[in-house]
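In: for reference, the sequence and a predicted model appear below.
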Amino acid sequence: MDVFQTLRVFVAVAQSGSFTAAAELLDSTTTNISKAISSLEARLQTRLINRTTRRLALTEAGTRYLQRCEKILHEVREADEEAGTAQILPAGRLKIHSMSAIGNHYVIDAIARYRETHPSVMFDLTLANRLPDLLEDGYDMSIVLARDLPDSGFVAQRLGITYSILCASPAYLKKRGHPESPSALGSHDCLRIVNTIMPAESWALEGPQGVETFNLPVSPFHINTADAMTVAIESGMGIGIQPIASAVNGLKAGTLVRVLPEYKFEEYNVFAIYPSRKFVDAKIKTWVDFLKDYLPALLDSDKRIAGS
């Protein structure tokens with residue numbers, strides 16, 4: 001009999017006042033109950049219960065041990081109830097990762113909307129353009145852009161599709177003119193975004209004639225995040241790649257202009273990744289369900305704004 005079960009036997013005997021009553025309570029036999037108490041006393045090298053043929057009585061050590069055991073069993077019951085509740089009621093803290101452009105422009109707002117109906121759920125959000133190790137980094141979920149995902153054994157829910165476009169500022173285009181084809185980009189200042197998502201040395205643009213690859217000239221500016229690239233483009237530094245998520249506000253405000261509007265970069269899937277499909281915590285399940293309802297319509301709306 002394991003230690004935890006032995007504690008349950010001792011508490012049942014102490015509270016009921018007899019081996020027989022404890023055996024009935026625990027669906028056991030009087031012999032098994034007696035052996036468990038003898039084994040416990042032998043392990044502790046302490047007499048816990050004085051017993052005669054007629055009655056049982058706790059020793060002083062037994063009384064102190066009972067108080068500790070009752071507290072332990074109470075905490076275990078509370079822990080079991082809390083763990084069970086986690087499958088039903090969304091509550092607690094979600095530690096999530098998101099790639100930067102998606103996180104800044106969609107995930108933060110989604111968190112605000114989600115918490116309107118689930119205020120007991122709190123969030124720790126990390127923005128980084130990488131595919132994290134969920135278990136090593138301790139994330140409950142990651143929201144990433146990828147063509148496909150490696151076989152990790154994790155659950156992956158596709159939330160939608162997005163892509164990037166070329167943009168420039170009105171001032172830059174007034175000064176340098178609008179390129180009419182991908183090959184015309186060679187006479188322009190092409191700003192490079194360098195991260196795990198965007199290409200560094202060449203741009204593969206999908207257009208009316210299929211995919212056209214343009215090898216980038218020497219660039220006056222390199223940066224590693226889409227939102228920082230937005231600032232550079234709006235400052236008139238040149239033409240750069242913009243994920244639709246990063247471009248849409250500038251396109252609406254007129255601070256960005258889409259370049260080569262009939263071309264776009266390769267589509268990426270937006271995935272929510274989490275470790276297990278079995279016994280999914282309620283806060284994870286409801287958050288994923290919310291994203292599946294919320295994000296696709298927003299992605300489609302922004303594509304329309306971008307003229308796609």
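Out: Perfect, thanks for sending it.
In: from memory Thr30 sits against Ala23, does it?
Out: Yes - shown here, Thr30 and Ala23 form a contact pair, counting by Cβ atoms under 8 Å, at 4.8 Å. C-beta: built from backbone N, CA, C; applies to glycine.
In: so for those two, which sits in the more crowded spot?
Out: The neighbour count for Thr30 versus Ala23, taken as other Cβ atoms under 10 Å, is higher for Ala23 (20 against 14).
In: quick one, what contacts that one?
Out: Contacts for Ala23 were tallied using Cβ atoms under 8 Å, 6 or more residues apart in numbering; they are Thr29, Thr30, Asn32, Ile33.
In: for it, helix, strand, or coil?
Out: helix (DSSP: H, G, I helix; E, B strand; the rest coil).
In: measure it to Gln15 for me?
Out: Plainly put, Ala23 is 13 Å away from Gln15 if you go by Cβ to Cβ, to the nearest Å.
In: what does Thr31 give?
Out: For Thr31, the distance to Gln15 equals 20 Å [Cβ to Cβ].
In: just Met122 next, same as before
Out: 39 Å.
In: kindly report the same for Lys292.
Out: Lys292 is 50 Å from Gln15, by Cβ to Cβ.
In: over to Ser28?
Out: Where Gln15 is concerned, Ser28 sits at a distance of 15 Å (Cβ to Cβ).
In: what's the answer for Thr63, then?
Out: From Thr63 to Gln15 the distance is 12 Å (Cβ to Cβ).
In: same thing with Pro119?
Out: On the measure of Cβ to Cβ, Pro119 and Gln15 end up 40 Å apart.
In: helices along the chain, start to end?
Out: Listed in chain order, the helices of the chain (DSSP state H) span 3-16, 19-25, 30-44, 60-86, 100-102, 108-117, 134-137, 170-176, 226-234, 244-253, 282-305.
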